[in-house]
Structure formats: C-alpha cells, structure tokens
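Enquirer: need coordinates for the following:
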Amino acid sequence: MYQRIVVPLDGSKLAEEALPSAERMARLLDAPLLLLRVVDLTQLPWYGQFGGAMEYVASEQALAADDEAAASYLQTVAERMTASGLSVVTEVRRGPTSRVLIAATRPGDLIVMASHGRSGMTRWFLGSVAEEILRHASVPILLVKAPEQEIARVEAALATANAT
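Expert: Residues are numbered from 1 along each chain as shown. Here you go, the predicted structure:
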C-alpha cells in the first residue's frame, strides 16, 4: 500500500504531534519513515524586511547554520524512533515549505503531518502549509489535528510575536 511515510517537522511541538500516528502507520505497513525539515529562507527570523539585501556570504553562513541545526534536530528525533525498531531517514531541504514538501514525495508515499485546525479568517490571514499540501500533493495525506492546549499555546505565541 504505502512504501514510505513522510513526516514534515519544523522543530515545534505542534509538528511533533504527527509522530505517534506516523510511527503507528510505519509499524502497520512495515514502511520506512522520512523525517523532513524544510529551511524556508523567507520564514527565518534574520531574513526580515531587508533579507534580500544581505550579503551573499552572510546569508550562506546563516543558512548553513540553520541547515546544521535542522539536521541535528532531525537526528535527535530519528534516534528515538530507531531505538524502537523503526527504519528512519532524515533530510533537510531548502525552499518554500509547501512546494519543497510536495516535491519530496514520490508515488507510494503517505504524508503524515500535524495541523492547527484553523478555520475561517484566522486561516485566511495566516495561511496554511497543510492546506497548500492538501491542494497540491499527488500522494495521500493524513492530517493529525493538534490538541486544543497546543493550539492555544501556539496561537498565544503568535499573538505575542505580532504585538511586538
């Protein structure tokens, strides 16, 4: 049925809510897991309004540091999962998150990812990686809705960040 389980992770607890479901699917299907982290230049805190004007060398150094941090994070998560007998591969890619995630899939994959479960105006204003993937992916997707307390924590953090 599914030959590989693809799990996009961004380092957040919210994204990690998909891991238990991904692990169960991997065990049921005897399929390997691909833990994928996308480093999206436009979403990095140092990019900001003048990110395009950064010197090439400085931006490459910053991206290399972000790639390294992403790889280290994925390795930590993978070690926990391989200790329980699962086959896990990690990968860090650069680019626009939704497009890169979709491009990383191949026939026979299943994407398992968490979602805030936002609706209405909140989703319209903030956008949704999950929604973009749902619209454009050519493989099946299992969306795991995060628990309400995690959604509330993330939304409070976003409100605080937007207030400053």
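
Enquirer: helix or strand right after the helix or strand bottoming out on mean pLDDT in the chain?
Expert: The helix or strand of the chain with the lowest confidence, counting by mean pLDDT, DSSP states H and E, is helix 120-126 at a mean of 44. Remark: after helix 120-126, the chain's next helix or strand is helix 129-136, criterion DSSP states H and E.

Enquirer: all helices for the protein, in order.
Expert: 13-16, 19-29, 56-83, 97-103, 120-126, 129-136, 148-163 (DSSP state H).

Enquirer: what mean pLDDT would you report for the third one?
Expert: Spelled out, it's helix 56-83. Averaging pLDDT along helix 56-83 yields 87.

Enquirer: stretch 106-113 too?
Expert: 97.

Enquirer: what comes into contact with it?
Expert: With CB atoms under 8 Å, 6 or more residues apart in numbering as the test, stretch 106-113 has contacts from 2-8, 15, 18, 21-22, 25, 31, 34, 101, 105, 130, 133, 137-144. (Each C-beta comes from the backbone N, C-alpha and C, glycine too.)

Enquirer: if we can go back for a sec, can you list the helices of the chain in JSON lines and add mean neighbour count and distance to residue 114?
Expert: Listed next are the helices of the chain as JSON lines, based on neighbours: other CB atoms under 10 Å; distance: least, CB to CB, whole Å:
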{"stretch": "helix 13-16", "mean neighbour count": "17", "distance to residue 114": "5"}
{"stretch": "helix 19-29", "mean neighbour count": "17", "distance to residue 114": "9"}
{"stretch": "helix 56-83", "mean neighbour count": "14", "distance to residue 114": "13"}
{"stretch": "helix 97-103", "mean neighbour count": "18", "distance to residue 114": "13"}
{"stretch": "helix 120-126", "mean neighbour count": "10", "distance to residue 114": "15"}
{"stretch": "helix 129-136", "mean neighbour count": "16", "distance to residue 114": "8"}
{"stretch": "helix 148-163", "mean neighbour count": "11", "distance to residue 114": "9"}
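
Enquirer: those: which one's closest to residue 39?
Expert: Closest of those to residue 39 is helix 56-83, at 4.9 Å (criterion: CB to CB).
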